[in-house]
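J.: how does the following fold in three dimensions:
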Amino acid sequence: MRYMFLIYSKETPEGPSPEERARLLQAHSAVLLDATSKGVLCGADPLQPTATATTVRMRDGQAIITDGPFAETKEQLGGYYIIECPDLDDAIGWAKRIPTLCKGDPGCIEIRPLINIVRPV
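T.: Modelled structure (predicted):
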């Protein structure tokens, strides 16, 4: 089963220090290399800051476009991984390895199974 790992962390205007950024990059690289070598990585990407987000809401058949993320929260969605896992326990093991960035608070990883659909060729 494929699982999506939604990576939430606190976004700050100044961003991480160069040292913290390097540490995070190294930690993510280690997880990605291991997942790739085991053949379970299906995809992973960081997201641009929430200031670049656009939200589309439909109301009465009309699209309402607003700048910014879907909801105001203490933590922001920063990126994702998609990993093929035999079960939730294995997915949790991978999620424990993914670094998050929150000043004072740990971020969180939301694990969601993906629905397998038949895609047209």
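
J.: quick one, grab the pLDDT at the closest residue to residue 15 other than its chain neighbours.
T.: In space, not counting the residues next to it along the chain, residue 15 is nearest to residue 21; the distance is 7.4 Å by Cβ to Cβ, 6 or more residues apart in numbering. All C-beta atoms are positioned from the backbone trio N, CA, C, and that covers glycine. Looking at residue 21, its pLDDT stands at 84.

J.: how near is residue 21 to residue 61?
T.: 44 Å (Cβ to Cβ, to the nearest Å).

J.: compare these two (neighbour count), which wins?
T.: Between residue 21 and residue 61, counting by other Cβ atoms under 10 Å, residue 21 is the more crowded of the two (12 against 5).

J.: which residues are contacting the helix or strand containing the residue nearest to residue 15?
T.: Assigned by DSSP states H and E, residue 21 falls within helix 18-37. Taking contacts as Cβ atoms under 8 Å, 6 or more residues apart in numbering, the residues outside helix 18-37 that touch it are 15, 16, 41, 44, 81, 83, 94, 97, 98, 99, 101.

J.: right, and the helix or strand after it?
T.: Once helix 18-37 ends, the next helix or strand along the chain (criterion: DSSP H and E) is strand 41-46.
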